[in-house]
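Novice: Any chance you can model this:
(chains A and B)
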Amino acid sequence: MGTLSKYRLLILCSGLLFVAIGLIVAAPVKWVVLWTDALIFTLMVVIIGTAWMVRSRPYLLAPWRRVVRNRIAAGALVVLLSYVVIGLLDSIHFRELLPAQEGSHQQHYSSNTLSLLDKLLTPIRIQEEKSYSAPFAIQLFSKESLQGDDGTTVRDYPRLQYGGAHLADISQRKEDITNTLLLASSYALATWVVISLLVVWMLARRHGQSYRQQFKQLIRGEMEMPWCTLLLMFLVILLLLFISMMLGVKYHIFGTDKVGQDVFYQTLKSIRTGLVIGTLTTLVMLPFAVVLGVAAGYFRGWVDDVIQYIYTTLNSIPGVLLIAATVLIMQAYIAGNPELFETMEERADARLFFLCLILGITSWTGLCRLLRGEALKLRELDYVQAAHAFGVPQNQVLSRHIFPNVLHIVLISLVLDFSGLVLAEAVLSYVGIGVDPTMHSWGNMINGARLEMAREPMVWWSLMAAFVFMFILVLAANLFADAVRDAFDPRAVR
Amino acid sequence: MNDTLLQVNGLKTWFETSSGTVRAVDGVSFDIRRGETFALLGESGCGKSITSLSLMRLVPEPAGKIVSGSVMLDGVDLLTLPEYQMRNLRGSKIGMIFQEPMTSLNPVMTIGRQIQESVERHMGLRNRAAKGRVLELLSSVGIPDPEQRYGEYPHQLSGGMKQRVMIAIALAGEPELLIADEPTTALDVTIQAQVLELMADLQKQTGMAMLLITHDLGVVAEVADRVAVMYAGQIVEQASREQFFSDPQHPYSKKLFASMPDIEKRGETLAVIRGTVPPLTTQFTGCRFEERCDYSWELCRNSLPQWTQQPTGHGALCHLMDPRYQGREMTLLSSEPEVESLQTATLAEQATLSVDNLKVHFPIRKGLLKRIVGHVHAVDGIDIELKQGKTLALVGESGCGKTTVGKGILQLIRPTAGKVDFDNNDLTQLSNKQLRPLRGDIQIIFQDPFSSLNPRMRVADLIEEGMVAQGKGGNSSQRQQRIDQLLQQVGMLSEHKHRYPHEFSGGQRQRICIARALAVEPKLIICDEPTSALDVSVQAQILNLLKRLQRELGLAYLFITHDISVVEYLAHEVAVMYLGRIVEQGRVEDVLTEPRHPYTQALLSAVPSIRNIRKKKQRLEGELPSPINPPQGCHFNPRCPKVMDRCRAHYPNKTVHENNHFVRCFLEENRE
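Specialist: Residues are numbered from 1 along each chain as shown, chains lettered A, B, ... in the order given. As a prediction, this is how the structure comes out:
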């Protein structure tokens, strides 16, 4: 990329930043930054900064190219990115301004902390029923005593307040759903065609080819990047987005839970929790693992003994026990200091944050051990010996020769750990030592649905929804991790 | 009975890679007669190993594929056999030995079991009979005390012993053809001599044929009956050993001989082969060697050479041999690098480095409290003196402590005792901090060009690192200029400085290492086997470079090596090490022409040489003892052919002859 387009990019970025700042200042809300929000945005900055650095170093860029060229990995990346977008939208929190009361100039903010995602999903969020209802149902799941027009009492399934409320009766439902599906699909297709044409135009410009040529290349899969796969995956996501949104405002597409809340809304909200656990935990453990592992391997001697002693000890304490103890202590602390937390969301968030911390502290030993072994090997290599012979100071040997050469291990283990941590959250919440019960998470959803599994007929949709979303995330993460490992594995044949 | 055992015709093995079809083996034909040793000679990457794998049908699929050709073993085409029949053939009719004895044996099975597996599979013997055969095999490959060795694991054996076990496994099926892929490359010269002799003996007993794959002209001269030279996937010359060594025909073979260092070429630059092997993905329209050949002309570029065979059986793939172009004179295209006298004027005879009684012992710790239970006497009291502009070669087998000497001088390993005096500073007494400013004066070049450069740094950063650490080379832009200059000095382009090490070949990497060392303006460079990982033609380039730099910059080299021919060519003085001590030291002329210590004599006689083919060997029994418990008295006494009672009790003192030639042996003491 030339300098000119670099400048253009810079101008574009700063413009966007100005707009964002303007919006932030002008909006009639009180912005709330939760602890995990702050960490998520720090992580984003770090990732963007790293990407910037990687761009200018061919040896770092090459393996990433290999990752993205892999069709499966590219598809998985699109799925992961859509999860991340939802998670990010759910990480921008604010409290709305309440309508001013008469005679008072003081501004009051709602005690409810909302996120941008909540705002976007407003109809779905606030359309609450009385209790359970099945997906696409227009009636409640259980019978109730109803007062007829003529004053008689009958036991029947009452109509839902919102789900399918626009329909006269159930016979119209099928047609309505089909129509909405078709409409949504055509919207999605139209959007997709426009965006695809834009992408082709951009590619044609960059490669200096005619539009038609570029199009042919793309269809035949002759491009370096699997654009075909990327665009098709994008179409799938667009279809799902449009269909779920257009059907979602009319029906409860995943049903409702015990208190009548929309399950689809809950699953979307759970995405953030899963991502936070998966990423922040590794962020917490990373400094421990890298610093201690490399130090143990490089310095050996007593440093090695002490570090090995620490992680062997930590490893021999059952992890769940440690997590349970910490979470319970945290819970007591939060309950005892209500003045520290303004809203319920802040309280739940603090607990999530500490769960990440403790999960991180119990899980760094594996990576640490790997890094120690690698550093032990590297320190004997000739180029490290050569650096010693030049009188290069220790810290530079570590930062220039050891650290860059263990980075691939760090990366591979991070990506591999991610899916494990998402699943761990579900298990811990199920046991009752996970995130706050008021917080939306897949673990809590499964825990809540557990008792209803014995019901006849069964309430299956909460469990199913949580399972499907978690499954897709973990599958995509695993596929992506495989590709990353293959691309970074130095032994793999190229 | 038919005399020909194996007949390979037009064998082509190609590999499909992302960068195109690699024609690793591209039309190879040769015959092997019963009972003869056929050597396939070539530099790394020429396709000799792939040829042998193709014969066994062991080419890694699906990347590799035997495209065409035939391999007739006793009249059966191996390439058309179904896999299950081929499996029966491997091991029974064709046996194979690999280069690395360390990785070819299963570490969790006893060696007896591993040989027995092969015996059971191919000879159909069971239980006691099978074990009996294993013991027989073990003793036939010269492993003492086979009963006890039967139950031992590979890690309990030395490298030479493991290679013997590999040979025993290959012999278990009583093969008619033994394929040996660089069987002695990983071994020391004295062990190599033992193994080669063993293989020759076994061949005499069993009458099997042998296909020997090697890069070492010396080994070929020792054992081969016929030789084929491979270059870029083709056989370019084929001849009997006598014909090949007396009158090589192909320009490539001639160059190989010319680039071998030896004592007669001292003071001259070695011949080098220009350029590099062309990528095997190209479609050749002319001779493959054309670009690097000194005799090439128009025709070589445009037409493929034909195989031309003389009535004597000596054949070559070259237009020059073709009778159609017989009238043509062998004209040199470019003049050979001028043979200039490289003898340096004698510099001031001041010692830059003097090492006094250097000892490096590694403690062995055991138990819970890590108490010291013993020491590895890696270096056990050596004295070295090295003058400016001179080269001292430190010669010895692996495990004798020669690398540790280098690291001990550099203080990369802190010596246990002794003095390392450099420019009137005793390096052993200085702290790391005090050492730092002196680090620039002594530099090191390592053996493995692949592990000595950080793969994550660009060439410019690699070279600059030392300059920054030593505060040399001025400011940033001056340093960049200096880097350009250094790269040119070692024969590379300044454009190369923005690339990463993996883009370079082994020889180029070694040049970068040399440039990196030169960047801090050292007075002494410790060269730790800098050419042993390189091909002969590349080795010649590096040796020429080192020699030129010494002349231009007045560098002193401590040249650590096991390769006697390099010593003969490059060094002024030589010190022979055995088990942590120097047993003989003196001027190269004195030591190598008139060795006095029995170990030096044995070492020199074990080196395979192309000059005195099949001379009487002075074979050295046994292997290097462990440096943890060195033998009582003279360390060499268990292997010495002239051992006396005195040798078992005391370590001999120095006996000094003229020109500071000293020997530590009682025989010499007695003679005085």
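Novice: Could you list the residues of the stretch 1-150 of chain A in contact with chain B?
Specialist: A:58-59 (C-beta under 8 Å from any C-beta of the partner chain). C-beta: built from backbone N, CA, C; applies to glycine.
Novice: what about the longest strand in chain A?
Specialist: Counting by DSSP state E, the longest strand found in chain A is strand A:109-115.
Novice: Who are the packing partners of that one?
Specialist: Under the contact criterion of 3 or more C-beta pairs under 8 Å, 6 or more residues apart in numbering or on different chains; DSSP states H and E, strand A:109-115 touches strand A:29-32, strand A:93-97, helix A:344-363.
Novice: at 6 Å what do you get?
Specialist: Contacts defined by 3 or more C-beta pairs under 6 Å, 6 or more residues apart in numbering or on different chains; DSSP states H and E place strand A:109-115 against strand A:93-97.
Novice: in its sheet, what does the strand it packs on sit against?
Specialist: strand A:29-32 (antiparallel), strand A:109-115 (antiparallel) (DSSP bridges).
Novice: Those strands into a markdown table, with extra columns for mean pLDDT and mean neighbour count?
Specialist: As requested, these are exported to a markdown table (pLDDT from 0 to 100; neighbours: other C-beta atoms under 10 Å in any protein chain shown):
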| stretch | mean pLDDT | mean neighbour count |
| --- | --- | --- |
| strand A:29-32 | 84 | 15 |
| strand A:109-115 | 83 | 16 |
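Novice: hang on, the earlier thing: now the longest strand of chain A - C-alpha only, PDB.
Specialist: Only the C-alpha atoms of strand A:109-115 are listed here, as PDB (Å, rounded to 0.1, in the frame of the first residue of the first chain):
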ATOM      1  CA  TYR A 109     -31.100   8.800  34.800                       C
ATOM      2  CA  SER A 110     -32.700   5.400  34.700                       C
ATOM      3  CA  SER A 111     -31.400   2.900  37.100                       C
ATOM      4  CA  ASN A 112     -31.300   0.400  34.300                       C
ATOM      5  CA  THR A 113     -28.100   0.000  32.500                       C
ATOM      6  CA  LEU A 114     -28.700  -0.700  28.900                       C
ATOM      7  CA  SER A 115     -26.400  -1.700  26.100                       C
END
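Novice: Which strands and helices lie in contact with the very next helix or strand once past that strand?
Specialist: Remark: after strand A:109-115, the chain's next helix or strand is helix A:116-120, criterion DSSP states H and E. When contacts are defined as 3+ C-beta pairs under 6 Å, 6+ apart, helix A:116-120 packs onto no helix or strand at all.
Novice: who touches residue A:349 in this structure?
Specialist: Shown in contact with residue A:349 (C-beta atoms under 6 Å, 6 or more residues apart in numbering or on different chains): A:34-36.
Novice: Select from those residues the one having the most neighbours.
Specialist: The most crowded member of those, judged by other C-beta atoms under 10 Å in any protein chain shown, is residue A:36 (22 neighbours).
Novice: Per-residue confidence at that residue, what does it come out as?
Specialist: Looking at residue A:36, its pLDDT is 89.
Novice: What of residue A:228?
Specialist: 85.
Novice: Which residue, neighbours along the chain excluded, lies closest to it?
Specialist: Nearest in space to residue A:228, with sequence neighbours left out and distances taken as C-beta to C-beta, 6 or more residues apart in numbering or on different chains, is residue A:221 at 5.5 Å.
Novice: and what of residue B:578?
Specialist: Closest residue to residue B:578 apart from its sequence neighbours, by C-beta to C-beta, 6+ apart: residue B:599 at 5.3 Å.
Novice: coming back round to it: closest to chain B out of the contacts of residue A:349?
Specialist: residue A:36 (33.6 Å; C-beta to the nearest C-beta).
Novice: count of neighbours near the closest residue to residue A:385 other than its chain neighbours?
Specialist: Nearest non-adjacent residue to residue A:385, counting by C-beta to C-beta, 6+ apart: residue B:412, 5.7 Å away. Residue B:412: 16 surrounding residues under other C-beta under 10 Å.
Novice: which SSE is residue B:412 in?
Specialist: Going by DSSP H and E, residue B:412 is not in any helix or strand.
Novice: Likewise for residue B:586?
Specialist: Using DSSP H and E, residue B:586 falls within strand B:581-587.
Novice: Checking my notes, residue B:596 in a strand, right?
Specialist: No - using DSSP: H, G, I helix; E, B strand; the rest coil, the assignment for residue B:596 is coil, not a strand.
Novice: Compute the number of surrounding residues for the residue in the stretch 251-400 of chain B positioned nearest to chain A.
Specialist: Nearest residue of the stretch 251-400 of chain B to chain A, counting by C-beta to the nearest C-beta: residue B:370, 9.5 Å away. By other C-beta under 10 Å, 10 other residues sit near residue B:370.
Novice: how much space between it and residue B:323?
Specialist: Per C-beta to C-beta, to the nearest Å, residue B:370 is found 76 Å from residue B:323.
Novice: repeat for residue A:19
Specialist: Taking C-beta to C-beta as the measure, residue A:19 falls 84 Å from residue B:323.
Novice: and if you look at residue B:191?
Specialist: Residue B:191 is 46 Å from residue B:323, by C-beta to C-beta.
Novice: Those two: which is more packed in?
Specialist: The neighbour count for residue B:191 versus residue B:323, taken as other C-beta under 10 Å, is higher for residue B:191 (24 against 9).
Novice: number of nearby residues for the nearest residue to that one once chain neighbours are set aside?
Specialist: In space, residue B:191 comes closest to residue B:160 once its chain neighbours are excluded; the distance is 3.9 Å by C-beta to C-beta, 6+ apart. Residue B:160 has 24 neighbours, counted by other C-beta under 10 Å.
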